[in-house]
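Asks: turn this into a structure:
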Amino acid sequence: MTSIFFVRHAQSNHNDRNDRTRPLTAEGVADSKEVADLLKNRRIDLLMSSPYKRSMDTIADLSDAIGLKIHTDEDFGKEMPANGWEIILNSILRCNGMISIII
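Replies: Just a heads-up that it's a prediction; the model follows:
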């Protein structure tokens with residue numbers, strides 16, 4: 001059975017006005033370490049993220065801990081339209097259906 005974990009990005013620094021490059025705050029960095037601690041012993045086949053720095057940084061520690069590369073998808077960086085689940089499912093299919101975590 002495939003499990004899908006959705007993790008919202010950790011707290012980001014709103015002093016950076018560039019939405020794509022906004023880093024995590026110190027609290028967000030601490031929270032990202034908690035995400036890694038909570039999920040590092042789960043079976044994870046694939047890490048997916050929006051291309052936004054705050055999202056990728058949220059799972060970077062997890063990526064390092066389990067030795068998986070973070071795959072990005074531009075569709076995850078967009079505001080979710082009415083067909084949002086279709087976008088997510090298409091992303092899963094592009095990864096051959098092997099997915100256990102998405103940001």
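
Asks: for this protein, name the helix or strand with the lowest mean pLDDT.
Replies: strand 101-102 (a mean of 50; mean pLDDT, DSSP states H and E).

Asks: pLDDT of stretch 26-37, averaged?
Replies: For stretch 26-37, the per-residue pLDDT values average out at 96.

Asks: what are the buried residues along that stretch?
Replies: When neighbours are counted by 16 or more other CB atoms under 10 Å, the buried residues of stretch 26-37 are found to be 28-29, 31-32, 35-36. Bear in mind the C-beta positions are built from the backbone N, C-alpha and C, glycine included.

Asks: kindly report the same for stretch 3-16.
Replies: Applying a neighbour-count criterion of 16+ other CB under 10 Å, the buried positions in stretch 3-16 are 7, 9-12.

Asks: show me where this structure has its helices.
Replies: Secondary structure of the chain (DSSP state H): helices located at 26-39, 53-66, 84-94.

Asks: out of those helices, which is closest to residue 45?
Replies: Taking CB to CB as the criterion, helix 53-66 is the member of those that comes nearest to residue 45, at 10.0 Å.

Asks: any idea of the angle the closest one forms with helix 26-39?
Replies: Relative orientation of helix 53-66 with respect to helix 26-39: 40 degrees, computed using axes from the mean of the first three to the mean of the last three CA atoms, to 10 degrees.
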